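Participant: after the sequence you'll find the predicted model.
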Amino acid sequence: MPLLDHIEKLNLDFSSPEIPFEAQEEALEKALSETDAEIHTILLVEDNQDLREYLRDNLKSNYRIVEAADGKEGWQKTLANHPEIIVSDISMPNMTGIELCKKIKEDKRTKHIPVILLTALTGEQEQLTGLEIGANDYLTKPFNIDILNVKIKNLLVLNRTLKNTYTKQIKMEAAEILVESHGDKLLKNILKYIEDNINNSQLSVEDLSKNVGMSRGSLYHKVLELTGLSPVEYIRSVKLDKAAALLVKSDLNISQIAYLVGFATPNYFAKSFKLKFGMQPSEYLNLHRKPDNSA
């Protein structure tokens, strides 16, 4: 059923927003909707408690911080928290930073996560080893915390740029999606299910995996492989694309569109929209909804 046909059938209570589907999948997304701030998760892996606390105290104002005392715990926290960046010491008990980085970069679930390695050793060989196994950057102790902050920000910007590039390669018009890969059928089925449930703010990856007959893990890997996005990010991207189309083609206001495409609050919708399109929904509307569009 076309999106606009849903409008008359919806009984939306704008004063009582439901919990967004993103909150069911990632604590990060819950934080986004509640604080109206983009919070990235940073995993700190450092066996020196004083240094770990120093890093945490200097980064926590801008990031959600997860801590691990050695490489073994760091690997467990990586799988449990899906951090955007990992900052890891090299010399640690149980599992070194080099071993942790190698494990992260060899696992398809985590190989996309940038790793910054820290070391007190000044030898070039250790740096070369780390970079050869996939570490994204390196810092020698003692280091300037401002430099670490800049390196983290640069990697986050790079990741977002790569995701945006992948997203732009996927063209979505009505129920059509053009992807030159063997995943055509799967992505079309996924897209159809999302569109059929577009106004459901509690739409989850669990629902999606059941509909396509795949485990959540398999679905995660396949969607990430085909689109460069996690299932949660892909669901949100589809919703935002539909919202952008409605901003241009309908007479609905921004709040109505936010609820229609399954966002719990207009505030959370506006934040997500700006992250994807680089402007507020109101700016997008003023730019694209011109008087002659309705002629």
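Facilitator: Thanks, I have the structure now.

Participant: tell me the secondary structure at residue 194.
Facilitator: Here residue 194 is recorded as helix under DSSP: H, G, I helix; E, B strand; the rest coil.

Participant: and the pLDDT for the closest residue in space to it that isn't next to it in sequence?
Facilitator: Closest residue to residue 194 apart from its sequence neighbours, by CB to CB, 6 or more residues apart in numbering: residue 238 at 4.8 Å. Backbone N, C-alpha and C define where each C-beta goes, glycine included. In this model, residue 238 is scored at 92, pLDDT.

Participant: if I've got this straight, residue 238 is in a strand?
Facilitator: No: judged by three-state DSSP, residue 238 forms no part of a strand; its state is helix.

Participant: which residues sit in contact with it?
Facilitator: By CB atoms under 8 Å, 6 or more residues apart in numbering, the contact set of residue 238 is 172, 191, 194-195, 198.

Participant: what's the burial count for residue 276?
Facilitator: The local packing of residue 276 (other CB atoms under 10 Å) involves 19 other residues.

Participant: what's the helix or strand for it?
Facilitator: Secondary structure from DSSP states H and E places residue 276 in helix 266-277.

Participant: show me what secondary structure element comes after that helix.
Facilitator: As assigned by DSSP H and E, the chain's next helix or strand after helix 266-277 is helix 281-288.

Participant: with adjacent residues omitted, what lies nearest to residue 148?
Facilitator: In space, residue 148 is closest to residue 139, 6.1 Å off (CB to CB, 6+ apart).

Participant: residue 68 and residue 54, how far apart?
Facilitator: Using CB to CB, to the nearest Å, residue 68 is found at 15 Å from residue 54.

Participant: pick out whichever of these two has more residues nearby.
Facilitator: Using other CB under 10 Å as the criterion, residue 68 and residue 54 rank with residue 68 on top: 24 against 14.

Participant: and that one, what are its bridge partners?
Facilitator: Note on residue 68: beta-bridge partners residue 45, judged by DSSP bridges.

Participant: just checking, it touches residue 47?
Facilitator: No: using CB atoms under 8 Å, residue 68 makes no contact with residue 47, being 9.1 Å away.

Participant: residue 88 is in what secondary structure piece?
Facilitator: Using DSSP H and E, residue 88 falls within strand 85-89.

Participant: where exactly do the helices run in this structure?
Facilitator: In the chain, the segments counted as helices under DSSP state H are 21-25, 27-35, 49-59, 71-81, 97-106, 124-132, 145-168, 184-196, 205-212, 216-227, 231-249, 254-260, 266-277, 281-288.

Participant: any weak-confidence spans in the stretch 151-295 of the chain?
Facilitator: Counting by pLDDT under 70, the stretch 151-295 of the chain has low-confidence residues at 163-183, 289-295.

Participant: shouldn't residue 70 be in contact with residue 90?
Facilitator: No: distance between residue 70 and residue 90: 11.5 Å, which falls outside the contact criterion (CB under 8 Å).

Participant: who's more crowded, the two?
Facilitator: Neighbour tally, residue 70 and residue 90, criterion other CB under 10 Å: the higher count belongs to residue 90, 24 against 19.

Participant: what distance do you get for the more buried one to residue 283?
Facilitator: Distance from residue 90 to residue 283, by CB to CB: 46 Å.

Participant: likewise for residue 204?
Facilitator: Look at residue 204 and residue 283: by CB to CB, they are 31 Å apart.

Participant: which one's more surrounded, these two?
Facilitator: Counted by other CB under 10 Å, residue 204 and residue 283 do not tie: residue 204 has more neighbours, with 18 against 13.

Participant: need phi/psi at that one.
Facilitator: Phi and psi for residue 204, reported as degrees, to the nearest 10, are phi -120, psi 160.

Participant: same thing with residue 278?
Facilitator: Dihedral pair for residue 278: phi 80, psi 10, per degrees, to the nearest 10.

Participant: what number of residues lie near it?
Facilitator: Counted with other CB under 10 Å, residue 278 comes out at 10.

Participant: next up, the contacts around it.
Facilitator: Under the criterion of CB under 8 Å, 6+ apart, residue 278 has no neighbours.

Participant: how close does it get to residue 160?
Facilitator: According to CB to CB, residue 278 stands 11 Å off from residue 160.

Participant: likewise residue 256?
Facilitator: Here the criterion is CB to CB. By it, residue 256 lies 29 Å from residue 160.

Participant: surely residue 90 meets residue 98?
Facilitator: Yes: with contact defined as CB under 8 Å, residue 90 reaches residue 98; the gap is 5.9 Å.
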